[in-house]
Structures are given as structure tokens and as C-alpha cells.
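In: Dropping the sequence and predicted coords here.
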Amino acid sequence: MPCLSRETGETRVHVCVETGKGELRGATGIPFFDHMLETFSRYSGLSIEVSVQELKRVDDHHVVEDVAIVLGRALDKMLGDRKGIRRFGYALIPMDDALAYAAVDLARRPYFVSRGLQWSRDSIGGLALENVEHFLRSLAFEARFTLHVGIVYGSNDHHKVEALFKAVGIALREAMKPGESISTKDTLL
């Protein structure tokens, strides 16, 4: 189980990740962010342990960013050379009024694209909604994969964000499944 830490003047973050039961252990101190990490964990099938100590309270940005960085690096380490996995995964997820999608390529070429991440309010449960995109971008770049996400439509911000995290989780679960790592280059780098 890869475990990594990051300490800055603002936070101390420790994350462990492994394929498993899809459960989150620990908390970040940001209720809605914890709910989304639990959702991501459950739908991706990843067991995630997270510990956060906030050294300098400014807002939620530093915690969200540092968790994304450490979780991404731990995922990269867990995935290793990425041989023997399907590589690609995608999901289209409805949640009541909302519809979100995610597509992932685990080929170790970090890239991020988002469409339709627009909100009617500024935050939910201590999480600034502008940090949803920041979390996903940081996760993709630190885990070294390509991630495309979008919200097709929706009126309830909670549902839109949750559908998005479910979509990313399922897309990642599909991409990590055992299978042929298709590549004309014969390498996922």
C-alpha cells in the first residue's frame, strides 16, 4: 500500500491508497470534501486513508490542493509501470437532475480538460466549488494520467459535484481493471 506525505507551511497531509474495498478512512476537516473523497473511494474501488493537519487556516484551498497532490502521487506509485491494465475508462453518471461524465487514460501523460463546471453557489459544506476543478486537475497531473470531465446539465450543485466524483471514480476503476494495455508504442509512457 503506497503511503506518501507532504508537509508545507500550511498543511501536513498523509495519504495511503490501495485497490480494495473502496472505503475512506480519516477526514480532511471539510465535510463536503470528505463526502466527495468517500464517494470517489467507493466508486473507484480504492481504499484511501487520509490524515490532514492544517497548520495555517486560510480557507479550504490548501487542504484540497495538498490532498490532491499526495493522493495523486500515491496513485501514480500504486499504478507503477501500468502494464496489464485496460488503460482507458469512462463513465456517464446521472444523479437526479444532474448528468456528468469522465474519461481517463492512464498512459502517464498528464492532461486535464473540463467542460460545464459552473455553479449557482460559492460553496457546499466548507468546500469552495472552484476547488472541485482544482482538485481534479491536481489529481490528474500528480497521478500522471489524462482526465476529461464535464457536467452536461443539472440544477442542484450538490448533485452535479457528486455525479462528477462518481464518474471519475468509475472511469478510474474501469481503466485500472486487468487487461491489455493497448498502445501502438508498446509502452504507456
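Out: Cool, the structure landed. Residues are numbered from 1 along each chain as shown.
In: low pLDDT regions in this protein?
Out: Judged against pLDDT under 70, the low-scoring parts of the chain cover residues 182-189.
In: All the helices of it, residue numbers only.
Out: With DSSP state H as the definition, the chain shows helices at residue ranges 31-44, 61-79, 130-143, 157-176.
In: Who are the packing partners of the third one?
Out: The elements that helix 130-143 packs onto, with contact taken as 3 or more Cβ pairs under 8 Å, 6 or more residues apart in numbering; DSSP states H and E, are helix 31-44, helix 61-79, strand 111-115, strand 146-153, helix 157-176. For every residue, glycine as well, the C-beta is placed using N, CA and C.
In: How about the contacts made by the residue nearest to Gln118 when sequence neighbours are not counted?
Out: Counting by Cβ to Cβ, 6 or more residues apart in numbering, Gln118 lies nearest to Ile151, which is 7.5 Å off, once chain neighbours are set aside. Shown in contact with Ile151 (Cβ atoms under 8 Å, 6 or more residues apart in numbering): 98-100, 115-118, 160, 163-164.
In: cool, and Gly150?
Out: Taking Cβ under 8 Å, 6+ apart, we find Gly150 in contact with 100-102, 114-117.
In: List buried members of those by neighbour count.
Out: The neighbour-count test (16 or more other Cβ atoms under 10 Å) applied to the contacts of Gly150 identifies 100-102, 114, 117 as buried.
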